[in-house]
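> Test case, fold it:
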Amino acid sequence: MANSNLKEAKAAKNDEFYTQFHDIEIEMNAYLEYDPNVFKGKTILLPCDDPEWSNFTRFFAAKFDELGLKKLISTSYAPDSKKYKTPYQPSLFEQEAPQFDSAKTSVKGKIFVLEQDKSGDGRINIDDLEWEYLNGDGDFRSKEVTKLRDEADFIITNPPFSLFREFLAWIMEGGKRFAVIGNMNAITYKEVFPLIKSNQIWLGATGNGNDMVFGVPEGAKVDDKDRQKAARLGYVGNYTRLGNSCWFTSIEHGRRHQPLSLMTMADNLRYSKHKEIRGKTTYAHYDNYDAIEVPFTDAIPSDYDGVMGVPISFLIKYCPEQFEILGITKTWFGSASKTYPEQIQVDRHGEESRVTKLNDGAVLLHSEVPQNETYYMVDGKYYTQVYARVLIRHIKS
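Predicted coordinates:
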């Protein structure tokens, strides 16, 4: 299920979620553990960023010398161009600068550049940051920001959730290495999954599918439960939590090369901690895909040579040396073995409706009416549908 704040973002275009310094630090540290020189001599672009509010610029500015960066560039988006409106007041940082222009502050984006020791204190840090107004509003799709993309070696940011597909395509068009935060459900997008399947992008090392806390603008709509959860995690005030956010990246980290430790099929059927597996005589087989249903990553059998359908969260622990990704159970991927006619859907309350939902996912056939879950009837037969599954198989050594 999508997080309520992500639904809200889609509806209201509330894309202002500010990443915490700690979350940026632990993810970047995973890349540095794998390759300590990964950023050395490189230019990093932080689009969709503003050091007055965001932690991305603050992190890389603080680590500029340590990482051996060549140049750091950040760009921000003009307040008047944002779809989700909040009260705007220029910061003191902007107002006290000699280049401040009250006619531009709301309608122009800004560019921030860090590349030299301007203060003369012998180090390069945020005190050496220089800025000016962009000619346009700072939209990443503009020629102005695209030119900065082409100059950069890495693109790292938390892009607008509502524009994730387009933003990722913009990165891939530029052929840049990147690390960006998105909704884990983006794995199922036809613009995203083929890139994962072809090993061009993968999930990051940290925070995937867990509670990530983000800052939000003053006055932004936040679900009370998510605000309370953020508070329990130590963030009180204008914060929210997003439980299904994750990092998408093309930067190597060691955790994706750690193979899963798995039990045999027989041992899973006997000892698995999951009631959906334990005690059964065999794993369920899909009616419309030649694959078995594996509803939990830790229930993947070590000795099954055929195709398996696993949750999208499997990609958090996916090791490309251990498994081959074959496809995904979505209509647009086109690998289903059959098409169902119109179905009668019966929900948990017994309400019936006519739908065609079975044709977008993996389907299980049942010998009797399924209990306590939504099911579908076609020609006197009973079916249920599982959430999107990634189709995988073991790589034989």
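
> For the stretch 251-397 of the chain, which residues score under the pLDDT cut-off?
Along the stretch 251-397 of the chain, the parts satisfying pLDDT under 70 run over 397.

> How are the helices of it distributed by residue range?
265-271 (DSSP state H, counting those that start in this stretch).

> where do the strands sit along it?
Assigned by DSSP state E, counting those that start in this stretch, the strands in the stretch 251-397 of the chain fall at 292-293, 308-311, 323-328, 343-346, 352-355, 363-366, 375-378, 381-385, 389-394.

> looking at the ones you listed, which is buried most?
Mean neighbours per residue, mean count of other CB atoms under 10 Å, is largest over the strands of the stretch 251-397 of the chain for strand 308-311, with a mean of 23. C-beta: built from backbone N, CA, C; applies to glycine.

> Which residues does that one contact?
286, 289, 291-297, 300-301, 329, 362, 386-387, 389-393 (CB atoms under 8 Å, 6 or more residues apart in numbering).

> at 7 Å what do you get?
If you take CB atoms under 7 Å, 6 or more residues apart in numbering as the criterion, strand 308-311 is touched by 286, 289, 291-295, 297, 300, 329, 362, 387, 389-393.

> Sheet-wise, list the partners of it with their directions.
Using DSSP bridges, the strands paired with strand 308-311 are strand 292-293 (parallel), strand 389-394 (antiparallel).

> Could you export these to CSV, including columns for distance to residue 253?
Shown next, in CSV, are those (distance: least, CB to CB, whole Å):
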stretch, distance to residue 253
strand 292-293, 30
strand 389-394, 20
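
> Between those, which one is closest to residue 323.
Closest approach to residue 323 among the strands paired with strand 308-311 (CB to CB): strand 389-394, 4.7 Å.

> Could you check the angle the closest one makes with strand 323-328?
Here the directions of strand 389-394 and strand 323-328 differ by 150 degrees (axes from the mean of the first three to the mean of the last three CA atoms, to 10 degrees).

> before we move on, the earlier item: any chance of TSV for the strands of the stretch 251-397 of the chain, columns distance to residue 119?
Converted to TSV, the strands of the stretch 251-397 of the chain look like this (distance: least, CB to CB, whole Å):
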stretch	distance to residue 119
strand 292-293	61
strand 308-311	51
strand 323-328	49
strand 343-346	66
strand 352-355	64
strand 363-366	64
strand 375-378	67
strand 381-385	61
strand 389-394	50
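
> so which of these gets nearest residue 232?
Once the strands of the stretch 251-397 of the chain are compared by CB to CB, strand 308-311 is nearest, at 26.2 Å.

> Please put the alpha-carbon coordinates of that closest one into CSV.
The C-alpha coordinates for strand 308-311 follow below in CSV (Å, rounded to 0.1, in the frame of the first residue of the first chain):
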residue,chain,number,x,y,z
MET,A,308,10.1,-17.7,-8.7
GLY,A,309,7.8,-14.7,-8.1
VAL,A,310,9.1,-12.6,-5.1
PRO,A,311,8.0,-9.3,-3.5
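
> Between the strands of the stretch 251-397 of the chain, which one is closest to residue 40.
With CB to CB as the measure, strand 323-328 is the member of these nearest residue 40 (31.5 Å).

> Of the strands paired with strand 308-311, which is nearest residue 104?
strand 389-394 (47.1 Å).

> Give me the contacts around the closest one.
So strand 389-394 is contacted by 289, 291, 305-312, 314-315, 323-329, 362 (CB under 7 Å, 6+ apart).

> can you give me how far it is from the chain middle?
Computed by CA atoms, centre = their mean, to the nearest Å, the chain-centroid distance of strand 389-394 equals 20 Å.

> for stretch 43-63, same thing?
19 Å.

> Could you check that stretch and say which residues are buried?
Neighbour counts using 16 or more other CB atoms under 10 Å place 43-52, 54-61, 63 of stretch 43-63 among the buried residues.

> Select from those residues every entry located in helices.
Of the positions in the buried residues of stretch 43-63, 56, 57, 58, 59, 60, 61 sit in helices, assigned by DSSP state H.

> picking that back up, of all the strands paired with strand 308-311, which one is nearest residue 169?
Within the strands paired with strand 308-311, the stretch nearest residue 169 is strand 389-394; the backing value is 21.3 Å (CB to CB).
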